[in-house]
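S.K.: predicted model follows, preceded by the sequence.
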Amino acid sequence: MANGMQVFLLLLWTANTPQGAGVQVFPPVNFTLTVSALAQVLIHWKPNPAQEQNNSTIRYDVKILSPVPEEYDTRRTHSVRTVALHNGFSACVRTLLLQEDLQMGSDWVKGNLPPLPGAAETSVTNLSCVTHITLPGNVSLHCTWLPGQGAPEDTEYFLFYRYGAHTEECHTYIKDKWSRNTECRFSSTQIKPGEIDNLIVIHINGSSKRAAIKPFQQLFNQNAIEKVNIPRNISISLEQNDLLATWEKPISPFHEECFEYEFYLINLKSGNKQILKISYNSFRLRIDVSSRYSIRIRANHNHICRSRGLWSDWSEVVFVGKNKLDNSIAWILTLLCVSTSCTFLLVAIICKINHVWSKLFPPIPTPSNKFRDPFPVDYERARTCTSSTETEVGSLAEDLYCSVLDDSVF
(Lines give C-alpha, C1' and ligand atoms only; values in the text may rest on other atoms or scores of the structure.)
Protein backbone atom coordinates (compact mmCIF):
# COMPACT_ATOMS: atom_id res chain seq x y z
CA MET A 1 0.00 0.00 0.00
CA ALA A 2 2.85 2.35 0.89
CA ASN A 3 4.69 1.50 -2.34
CA GLY A 4 1.54 2.16 -4.39
CA MET A 5 1.11 5.55 -2.73
CA GLN A 6 4.71 6.50 -3.53
CA VAL A 7 4.24 5.60 -7.22
CA PHE A 8 1.01 7.64 -7.35
CA LEU A 9 2.69 10.69 -5.82
CA LEU A 10 5.62 10.41 -8.29
CA LEU A 11 3.26 10.28 -11.26
CA LEU A 12 1.28 13.23 -9.91
CA TRP A 13 4.49 15.32 -9.45
CA THR A 14 5.65 14.49 -12.98
CA ALA A 15 2.28 15.47 -14.47
CA ASN A 16 2.24 18.83 -12.64
CA THR A 17 5.89 19.69 -13.38
CA PRO A 18 6.29 22.10 -16.37
CA GLN A 19 7.77 20.47 -19.43
CA GLY A 20 11.49 21.12 -19.61
CA ALA A 21 11.81 21.76 -15.91
CA GLY A 22 15.30 20.90 -14.78
CA VAL A 23 16.76 21.52 -18.27
CA GLN A 24 19.60 24.01 -18.05
CA VAL A 25 20.26 26.55 -20.84
CA PHE A 26 23.86 27.80 -21.17
CA PRO A 27 24.92 31.09 -22.83
CA PRO A 28 27.06 31.09 -25.99
CA VAL A 29 30.85 31.23 -25.72
CA ASN A 30 33.62 33.09 -27.57
CA PHE A 31 31.40 36.09 -28.30
CA THR A 32 33.32 38.61 -30.48
CA LEU A 33 32.64 41.86 -32.37
CA THR A 34 34.87 42.57 -35.36
CA VAL A 35 34.90 45.51 -37.79
CA SER A 36 34.92 43.76 -41.17
CA ALA A 37 34.44 46.82 -43.45
CA LEU A 38 33.52 50.50 -43.30
CA ALA A 39 30.56 50.75 -40.91
CA GLN A 40 30.18 46.97 -40.82
CA VAL A 41 30.42 44.66 -37.77
CA LEU A 42 30.76 40.89 -37.75
CA ILE A 43 29.05 39.46 -34.64
CA HIS A 44 30.29 35.94 -33.92
CA TRP A 45 29.86 33.34 -31.17
CA LYS A 46 29.97 29.58 -30.60
CA PRO A 47 27.48 27.21 -28.97
CA ASN A 48 28.20 26.33 -25.38
CA PRO A 49 29.71 22.81 -25.42
CA ALA A 50 27.86 21.98 -22.20
CA GLN A 51 24.50 22.60 -23.82
CA GLU A 52 22.42 19.43 -24.35
CA GLN A 53 19.84 19.59 -27.10
CA ASN A 54 17.60 16.68 -25.95
CA ASN A 55 15.33 16.83 -29.02
CA SER A 56 15.02 20.58 -28.60
CA THR A 57 15.64 23.38 -31.09
CA ILE A 58 18.44 25.82 -30.35
CA ARG A 59 18.29 29.38 -31.63
CA TYR A 60 20.07 32.58 -30.62
CA ASP A 61 18.56 35.87 -29.60
CA VAL A 62 20.70 38.87 -30.72
CA LYS A 63 20.13 42.35 -29.36
CA ILE A 64 21.86 45.47 -30.75
CA LEU A 65 22.08 48.00 -27.95
CA SER A 66 23.75 50.91 -29.79
CA PRO A 67 23.91 52.99 -31.87
CA VAL A 68 20.41 51.93 -33.03
CA PRO A 69 18.47 49.40 -30.86
CA GLU A 70 17.44 46.24 -32.69
CA GLU A 71 16.53 42.67 -31.71
CA TYR A 72 16.23 39.52 -33.80
CA ASP A 73 16.82 35.76 -33.53
CA THR A 74 18.77 33.43 -35.79
CA ARG A 75 19.84 29.80 -36.12
CA ARG A 76 23.35 30.81 -37.18
CA THR A 77 26.27 31.53 -34.91
CA HIS A 78 27.20 34.78 -36.64
CA SER A 79 25.53 37.93 -37.87
CA VAL A 80 26.61 40.95 -39.94
CA ARG A 81 25.28 44.43 -39.29
CA THR A 82 25.89 47.70 -41.18
CA VAL A 83 25.83 50.61 -38.74
CA ALA A 84 27.66 53.90 -38.15
CA LEU A 85 30.51 53.13 -35.78
CA HIS A 86 31.99 56.56 -34.97
CA ASN A 87 30.23 56.57 -31.57
CA GLY A 88 30.90 52.90 -30.83
CA PHE A 89 28.84 49.71 -31.00
CA SER A 90 27.32 47.43 -28.35
CA ALA A 91 25.47 44.10 -28.63
CA CYS A 92 24.60 40.98 -26.65
CA VAL A 93 23.45 37.42 -27.42
CA ARG A 94 21.84 34.52 -25.55
CA THR A 95 20.84 30.92 -26.25
CA LEU A 96 17.20 30.03 -26.82
CA LEU A 97 16.04 26.44 -26.22
CA LEU A 98 12.71 25.52 -27.78
CA GLN A 99 10.74 22.45 -26.66
CA GLU A 100 7.39 22.25 -28.38
CA ASP A 101 5.54 25.33 -27.12
CA LEU A 102 8.02 26.08 -24.36
CA GLN A 103 10.93 28.52 -24.82
CA MET A 104 13.78 28.93 -22.39
CA GLY A 105 16.63 31.42 -22.57
CA SER A 106 20.11 31.60 -21.10
CA ASP A 107 21.85 34.58 -19.58
CA TRP A 108 23.07 37.32 -21.93
CA VAL A 109 26.64 37.62 -23.16
CA LYS A 110 27.61 41.21 -23.97
CA GLY A 111 30.34 42.85 -26.05
CA ASN A 112 31.14 46.34 -27.31
CA LEU A 113 33.37 48.33 -29.63
CA PRO A 114 34.71 51.68 -28.35
CA PRO A 115 34.04 54.94 -30.23
CA LEU A 116 36.44 55.85 -33.01
CA PRO A 117 39.31 57.94 -31.61
CA GLY A 118 39.61 61.69 -32.11
CA ALA A 119 39.07 65.06 -30.47
CA ALA A 120 35.55 66.26 -29.78
CA GLU A 121 33.80 68.44 -32.40
CA THR A 122 36.43 67.76 -35.05
CA SER A 123 34.20 65.43 -37.10
CA VAL A 124 32.40 66.82 -40.13
CA THR A 125 28.82 68.03 -39.74
CA ASN A 126 25.80 68.49 -42.03
CA LEU A 127 26.82 65.65 -44.35
CA SER A 128 24.54 65.45 -47.39
CA CYS A 129 24.84 63.20 -50.46
CA VAL A 130 23.00 62.92 -53.78
CA THR A 131 23.26 60.29 -56.53
CA HIS A 132 22.39 60.87 -60.16
CA ILE A 133 22.05 58.53 -63.13
CA THR A 134 24.24 60.15 -65.79
CA LEU A 135 24.00 57.25 -68.25
CA PRO A 136 21.79 54.13 -68.28
CA GLY A 137 24.50 52.13 -66.48
CA ASN A 138 26.35 54.82 -64.53
CA VAL A 139 25.60 56.60 -61.24
CA SER A 140 27.43 59.70 -60.01
CA LEU A 141 27.79 60.69 -56.34
CA HIS A 142 28.09 64.18 -54.87
CA CYS A 143 28.58 64.83 -51.14
CA THR A 144 28.93 68.08 -49.17
CA TRP A 145 29.72 68.73 -45.51
CA LEU A 146 30.87 71.37 -43.05
CA PRO A 147 34.08 71.17 -40.98
CA GLY A 148 33.65 70.47 -37.28
CA GLN A 149 33.60 73.50 -34.99
CA GLY A 150 36.67 72.21 -33.18
CA ALA A 151 38.62 71.33 -36.34
CA PRO A 152 41.80 73.42 -36.82
CA GLU A 153 42.24 75.45 -40.00
CA ASP A 154 44.88 73.01 -41.29
CA THR A 155 42.43 70.06 -41.17
CA GLU A 156 42.29 67.88 -44.27
CA TYR A 157 39.19 65.71 -44.70
CA PHE A 158 39.10 62.56 -46.83
CA LEU A 159 35.92 60.82 -47.99
CA PHE A 160 35.34 57.13 -48.75
CA TYR A 161 32.15 55.44 -49.92
CA ARG A 162 31.26 51.77 -49.62
CA TYR A 163 28.63 50.02 -51.69
CA GLY A 164 28.37 46.31 -51.01
CA ALA A 165 31.92 44.96 -51.03
CA HIS A 166 33.35 47.88 -53.00
CA THR A 167 35.14 50.72 -51.17
CA GLU A 168 36.59 53.76 -52.95
CA GLU A 169 38.27 57.02 -51.93
CA CYS A 170 37.33 60.36 -53.41
CA HIS A 171 39.83 62.00 -55.80
CA THR A 172 37.92 65.17 -56.74
CA TYR A 173 37.43 67.62 -53.88
CA ILE A 174 36.19 71.21 -53.63
CA LYS A 175 37.79 73.33 -50.89
CA ASP A 176 36.66 76.18 -48.65
CA LYS A 177 38.53 79.46 -48.04
CA TRP A 178 40.90 77.68 -45.65
CA SER A 179 41.67 75.04 -48.32
CA ARG A 180 39.78 72.36 -46.39
CA ASN A 181 37.92 69.72 -48.40
CA THR A 182 34.17 70.34 -48.05
CA GLU A 183 32.79 68.65 -51.19
CA CYS A 184 33.47 65.44 -53.11
CA ARG A 185 32.36 64.38 -56.58
CA PHE A 186 32.44 60.91 -58.12
CA SER A 187 31.61 61.13 -61.82
CA SER A 188 31.12 57.35 -61.85
CA THR A 189 30.67 54.78 -59.09
CA GLN A 190 29.98 51.11 -58.50
CA ILE A 191 26.46 52.00 -57.33
CA LYS A 192 23.98 50.02 -59.42
CA PRO A 193 20.98 51.96 -60.75
CA GLY A 194 17.67 50.28 -60.15
CA GLU A 195 18.63 48.58 -56.88
CA ILE A 196 16.05 48.95 -54.11
CA ASP A 197 16.79 49.85 -50.48
CA ASN A 198 20.53 49.27 -50.72
CA LEU A 199 22.73 51.20 -48.31
CA ILE A 200 25.53 53.57 -49.28
CA VAL A 201 28.12 54.03 -46.52
CA ILE A 202 29.97 57.35 -46.34
CA HIS A 203 33.09 57.52 -44.16
CA ILE A 204 35.02 60.79 -43.66
CA ASN A 205 38.22 60.92 -41.65
CA GLY A 206 40.80 63.68 -41.38
CA SER A 207 44.25 64.78 -40.35
CA SER A 208 45.74 67.84 -38.67
CA LYS A 209 49.04 68.79 -37.08
CA ARG A 210 47.24 70.35 -34.12
CA ALA A 211 44.48 67.84 -33.26
CA ALA A 212 43.37 64.25 -33.77
CA ILE A 213 40.41 64.39 -36.18
CA LYS A 214 37.57 62.04 -35.29
CA PRO A 215 36.10 60.05 -38.21
CA PHE A 216 32.42 60.28 -39.08
CA GLN A 217 30.15 57.70 -40.73
CA GLN A 218 26.65 57.95 -42.15
CA LEU A 219 24.37 55.52 -43.98
CA PHE A 220 22.20 56.61 -46.90
CA ASN A 221 19.35 54.67 -48.46
CA GLN A 222 20.05 54.49 -52.19
CA ASN A 223 16.44 55.34 -53.06
CA ALA A 224 16.22 58.33 -50.74
CA ILE A 225 19.21 60.26 -52.15
CA GLU A 226 18.73 59.58 -55.87
CA LYS A 227 17.90 62.75 -57.78
CA VAL A 228 15.69 61.81 -60.70
CA ASN A 229 16.52 63.04 -64.21
CA ILE A 230 14.41 65.60 -66.05
CA PRO A 231 11.62 64.25 -68.29
CA ARG A 232 12.63 64.06 -71.96
CA ASN A 233 11.17 65.14 -75.31
CA ILE A 234 8.52 67.45 -73.90
CA SER A 235 5.92 68.46 -76.49
CA ILE A 236 3.32 71.19 -75.85
CA SER A 237 0.61 72.17 -78.35
CA LEU A 238 -2.83 73.77 -78.56
CA GLU A 239 -5.93 72.11 -79.97
CA GLN A 240 -8.80 74.59 -80.05
CA ASN A 241 -9.38 75.44 -76.36
CA ASP A 242 -7.24 72.59 -74.97
CA LEU A 243 -3.56 72.40 -74.09
CA LEU A 244 -1.97 69.05 -75.00
CA ALA A 245 1.25 67.92 -73.30
CA THR A 246 3.30 64.75 -73.78
CA TRP A 247 6.79 63.70 -72.67
CA GLU A 248 8.99 60.66 -72.08
CA LYS A 249 10.10 59.27 -68.73
CA PRO A 250 13.53 60.29 -67.38
CA ILE A 251 16.66 58.24 -68.07
CA SER A 252 16.22 55.39 -65.58
CA PRO A 253 16.12 51.58 -65.43
CA PHE A 254 12.58 51.81 -64.02
CA HIS A 255 9.47 51.58 -66.19
CA GLU A 256 7.08 54.43 -67.01
CA GLU A 257 4.59 53.45 -64.31
CA CYS A 258 7.29 54.01 -61.65
CA PHE A 259 7.23 57.81 -62.05
CA GLU A 260 5.01 60.71 -61.13
CA TYR A 261 5.22 64.27 -62.41
CA GLU A 262 4.51 67.85 -61.44
CA PHE A 263 3.25 70.22 -64.15
CA TYR A 264 3.90 73.91 -63.36
CA LEU A 265 1.60 76.21 -65.37
CA ILE A 266 1.66 80.04 -65.22
CA ASN A 267 -0.91 82.25 -66.94
CA LEU A 268 1.26 85.20 -67.99
CA LYS A 269 -1.81 87.37 -68.57
CA SER A 270 -3.45 86.95 -65.15
CA GLY A 271 -0.43 85.79 -63.15
CA ASN A 272 -2.32 82.71 -61.96
CA LYS A 273 -0.06 79.74 -61.09
CA GLN A 274 -0.93 76.03 -60.91
CA ILE A 275 1.02 72.90 -59.98
CA LEU A 276 -0.70 69.75 -61.22
CA LYS A 277 0.34 66.27 -60.00
CA ILE A 278 0.18 63.70 -62.79
CA SER A 279 0.86 59.96 -62.67
CA TYR A 280 1.22 59.46 -66.43
CA ASN A 281 3.23 61.13 -69.17
CA SER A 282 0.51 62.98 -71.10
CA PHE A 283 -2.56 65.03 -70.35
CA ARG A 284 -5.12 67.49 -71.78
CA LEU A 285 -6.16 70.71 -70.04
CA ARG A 286 -8.78 73.34 -70.90
CA ILE A 287 -7.19 76.82 -70.93
CA ASP A 288 -7.95 80.44 -71.81
CA VAL A 289 -6.76 80.69 -75.42
CA SER A 290 -6.51 84.48 -75.19
CA SER A 291 -3.67 84.11 -72.67
CA ARG A 292 -0.06 83.10 -72.99
CA TYR A 293 1.32 80.37 -70.71
CA SER A 294 4.72 79.20 -69.45
CA ILE A 295 5.10 75.49 -68.68
CA ARG A 296 7.71 73.41 -66.80
CA ILE A 297 7.74 69.73 -65.76
CA ARG A 298 9.71 67.70 -63.22
CA ALA A 299 9.69 64.03 -62.15
CA ASN A 300 10.13 61.71 -59.16
CA HIS A 301 9.68 58.06 -58.32
CA ASN A 302 6.34 56.93 -56.96
CA HIS A 303 5.58 54.41 -54.21
CA ILE A 304 4.63 51.64 -56.67
CA CYS A 305 8.22 50.68 -57.52
CA ARG A 306 10.30 52.20 -54.73
CA SER A 307 10.32 54.89 -52.07
CA ARG A 308 10.36 58.45 -53.32
CA GLY A 309 13.74 60.07 -53.85
CA LEU A 310 14.58 63.67 -54.75
CA TRP A 311 12.57 65.60 -57.35
CA SER A 312 14.36 66.29 -60.60
CA ASP A 313 15.23 69.81 -61.67
CA TRP A 314 12.54 71.65 -63.59
CA SER A 315 12.62 71.34 -67.35
CA GLU A 316 13.30 74.37 -69.52
CA VAL A 317 10.37 76.76 -69.83
CA VAL A 318 8.04 76.16 -72.77
CA PHE A 319 5.73 79.00 -73.89
CA VAL A 320 2.39 78.48 -75.55
CA GLY A 321 -0.53 80.74 -76.49
CA LYS A 322 -0.99 84.15 -78.08
CA ASN A 323 1.71 86.78 -77.86
CA LYS A 324 -0.49 89.61 -76.58
CA LEU A 325 1.71 90.19 -73.59
CA ASP A 326 4.77 90.64 -75.79
CA ASN A 327 2.88 93.12 -78.02
CA SER A 328 1.82 95.18 -75.03
CA ILE A 329 5.40 95.27 -73.76
CA ALA A 330 6.62 96.47 -77.17
CA TRP A 331 3.90 99.15 -77.19
CA ILE A 332 4.90 100.32 -73.71
CA LEU A 333 8.58 100.52 -74.71
CA THR A 334 7.70 102.51 -77.84
CA LEU A 335 5.57 104.94 -75.85
CA LEU A 336 8.34 105.35 -73.32
CA CYS A 337 10.90 106.19 -76.02
CA VAL A 338 8.58 108.76 -77.66
CA SER A 339 7.73 110.45 -74.37
CA THR A 340 11.41 110.60 -73.41
CA SER A 341 12.34 112.24 -76.74
CA CYS A 342 9.55 114.82 -76.40
CA THR A 343 10.66 115.64 -72.88
CA PHE A 344 14.26 116.27 -73.99
CA LEU A 345 13.05 118.50 -76.88
CA LEU A 346 10.81 120.56 -74.58
CA VAL A 347 13.64 121.07 -72.09
CA ALA A 348 15.97 122.24 -74.89
CA ILE A 349 13.41 124.82 -76.12
CA ILE A 350 12.85 126.20 -72.61
CA CYS A 351 16.59 126.49 -72.05
CA LYS A 352 17.06 128.38 -75.33
CA ILE A 353 14.27 130.86 -74.59
CA ASN A 354 15.58 131.68 -71.11
CA HIS A 355 19.24 131.78 -72.16
CA VAL A 356 19.95 129.02 -69.70
CA TRP A 357 22.89 127.77 -71.72
CA SER A 358 24.66 131.18 -71.68
CA LYS A 359 24.09 131.42 -67.94
CA LEU A 360 25.30 127.93 -67.29
CA PHE A 361 28.21 128.25 -69.73
CA PRO A 362 29.28 131.98 -69.98
CA PRO A 363 31.90 132.97 -72.65
CA ILE A 364 35.50 132.86 -71.57
CA PRO A 365 36.91 136.51 -71.39
CA THR A 366 39.94 137.40 -73.53
CA PRO A 367 43.00 138.26 -71.43
CA SER A 368 43.80 142.04 -71.19
CA ASN A 369 46.97 143.59 -72.70
CA LYS A 370 49.65 143.56 -70.04
CA PHE A 371 52.37 145.24 -72.11
CA ARG A 372 53.18 148.95 -71.29
CA ASP A 373 53.43 151.39 -74.22
CA PRO A 374 56.97 152.83 -74.50
CA PHE A 375 55.47 156.18 -75.68
CA PRO A 376 53.05 157.30 -72.99
CA VAL A 377 52.23 160.64 -74.67
CA ASP A 378 51.18 159.00 -77.89
CA TYR A 379 49.19 156.49 -75.85
CA GLU A 380 47.20 159.29 -74.22
CA ARG A 381 46.52 160.88 -77.58
CA ALA A 382 45.34 157.58 -78.92
CA ARG A 383 42.84 157.29 -76.12
CA THR A 384 41.17 160.49 -77.20
CA CYS A 385 40.35 158.89 -80.51
CA THR A 386 38.30 156.16 -79.03
CA SER A 387 34.58 156.40 -78.66
CA SER A 388 32.91 157.59 -75.48
CA THR A 389 32.51 153.97 -74.44
CA GLU A 390 35.93 152.70 -73.41
CA THR A 391 36.94 149.10 -73.71
CA GLU A 392 39.41 147.34 -71.54
CA VAL A 393 40.81 145.45 -74.43
CA GLY A 394 41.95 147.28 -77.61
CA SER A 395 43.64 145.99 -80.63
CA LEU A 396 47.12 147.12 -81.56
CA ALA A 397 45.95 147.94 -85.08
CA GLU A 398 43.36 150.45 -83.87
CA ASP A 399 45.96 152.24 -81.66
CA LEU A 400 48.30 152.67 -84.61
CA TYR A 401 45.53 154.06 -86.81
CA CYS A 402 44.59 156.74 -84.26
CA SER A 403 48.24 157.81 -83.87
CA VAL A 404 48.47 158.51 -87.60
CA LEU A 405 45.37 160.75 -87.41
CA ASP A 406 46.81 162.77 -84.55
CA ASP A 407 50.02 163.42 -86.41
CA SER A 408 48.09 164.75 -89.40
CA VAL A 409 46.16 167.27 -87.28
CA PHE A 410 49.05 168.70 -85.37
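M.R.: Done, it's in. Numbering: from 1, shown residues only.

S.K.: quick one: low-confidence residue ranges for this structure.
M.R.: By pLDDT under 70, the weakly predicted segments of the chain are 1-22, 323-331, 337, 348, 351-352, 354-410.

S.K.: 50 - rerun?
M.R.: The model of the chain has pLDDT under 50 over residues 1-20, 325-326, 369-410.

S.K.: what are the ranges of the helices in it?
M.R.: 2-16, 324-353, 356-360, 376-384, 396-409 (DSSP state H).

S.K.: find the nearest non-adjacent residue to residue 310, please.
M.R.: residue 227 (4.2 Å; CB to CB, 6 or more residues apart in numbering). To be clear about C-beta, it is placed using only N, CA and C from the backbone, and glycine gets the same treatment.

S.K.: how much space between the one you found and residue 256?
M.R.: Distance, residue 227 to residue 256, using CB to CB, to the nearest Å: 19 Å.

S.K.: in terms of neighbours, single out the busier of these two.
M.R.: Ranked by neighbour count (other CB atoms under 10 Å), residue 227 and residue 256 place residue 227 first, with 16 against 10.

S.K.: tell me the contacts of the more buried one?
M.R.: Going by CB atoms under 8 Å, 6 or more residues apart in numbering, residue 227 touches 130, 131, 132, 309, 310, 311, 312.

S.K.: if you rank those by neighbours, which is first?
M.R.: residue 131 (24 neighbours).

S.K.: please name the residues that touch that residue.
M.R.: Residue 131 neighbours (CB under 8 Å, 6+ apart): 139, 140, 141, 142, 189, 191, 200, 222, 225, 226, 227.

S.K.: for it, list each beta-bridge partner.
M.R.: residue 141, residue 226 (DSSP bridges).

S.K.: returning to what we had before: closest to residue 37 out of the contacts of residue 131?
M.R.: residue 200 (13.0 Å; CB to CB).

S.K.: hmm, the closest one is touching residue 166, no?
M.R.: No - applying CB atoms under 8 Å, one finds residue 200 not in contact with residue 166, separated by 10.7 Å.

S.K.: who has more neighbours out of these two?
M.R.: residue 200 (22 against 11).

S.K.: how near is the closest residue to the more buried one other than its chain neighbours to residue 159?
M.R.: Among residues not flanking residue 200 along the chain, residue 220 sits closest, at 4.6 Å (CB to CB, 6+ apart). Going from residue 220 to residue 159 by CB to CB gives 13 Å.

S.K.: could you do residue 34 as well?
M.R.: Distance from residue 34 to residue 159, by CB to CB: 24 Å.

S.K.: more neighbours, the two?
M.R.: Higher neighbour count among residue 34 and residue 159: residue 159, with 25 against 13, using other CB under 10 Å.

S.K.: tell me who's in contact with the more buried one.
M.R.: Taking CB under 8 Å, 6+ apart as the contact definition, residue 159 lies against 143, 169, 170, 173, 181, 184, 202, 203, 204.

S.K.: and it, bridged to which residues?
M.R.: Beta bridges link residue 159 to residue 204, judged by DSSP bridges.

S.K.: likewise residue 183?
M.R.: So, taking DSSP bridges as the rule, residue 183 has residue 144, residue 174 as bridge partners.

S.K.: tell me the contacts of it?
M.R.: 142, 143, 144, 145, 173, 174.

S.K.: what about the third one, neighbour count?
M.R.: By other CB under 10 Å, the residues close to residue 144 number 15.

S.K.: in contact with it, which residues?
M.R.: With contact taken as CB under 8 Å, 6+ apart, residue 144 is in contact with 126, 127, 128, 129, 182, 183.

S.K.: which residues are in contact with each of residue 220 and residue 159?
M.R.: Joint contacts of residue 220 and residue 159 (CB under 8 Å, 6+ apart) are residue 202.

S.K.: count the neighbours of residue 302 for me.
M.R.: Burial of residue 302 is recorded as 16 neighbouring residues (other CB under 10 Å).

S.K.: ditto for residue 292
M.R.: Count around residue 292 with other CB under 10 Å applied: 18.

S.K.: I'd assumed residue 320 was in contact with it.
M.R.: Yes - assessed by CB under 8 Å, residue 292 is found in contact with residue 320 at 7.3 Å.

S.K.: okay, domains of this structure per the record?
M.R.: 25-113, 125-226, 229-322, 326-356 (automatic domain parsing).

S.K.: right, and those - which one's nearest residue 119?
M.R.: Across those, closest to residue 119 is domain 125-226 (CB to CB), at 4.7 Å.

S.K.: now that closest one: how far from the chain's centre is it?
M.R.: Put simply, domain 125-226 sits 14 Å off its chain's centre (CA atoms, centre = their mean, to the nearest Å).

S.K.: can you tell me the distance between the two ends of it?
M.R.: 21 Å (CA to CA, to the nearest Å).

S.K.: equivalent analysis for stretch 153-170, please.
M.R.: End to end - CA to CA - stretch 153-170 spans 21 Å.

S.K.: how many other residues sit next to residue 202?
M.R.: 25.

S.K.: going forward, count from 18.
M.R.: Understood, numbering begins at 18; the last thing we discussed is residue 219.

S.K.: give me the nearest residue to it, chain neighbours excluded.
M.R.: Closest to residue 219 by CB to CB, 6+ apart is residue 235, at 5.1 Å.

S.K.: residues near the residue nearest to residue 106 when sequence neighbours are not counted, how many?
M.R.: Excluding the flanking residues, the one nearest residue 106 by CB to CB, 6+ apart is residue 130, at 4.2 Å. As a burial measure, residue 130 scores 16 neighbours (other CB under 10 Å).
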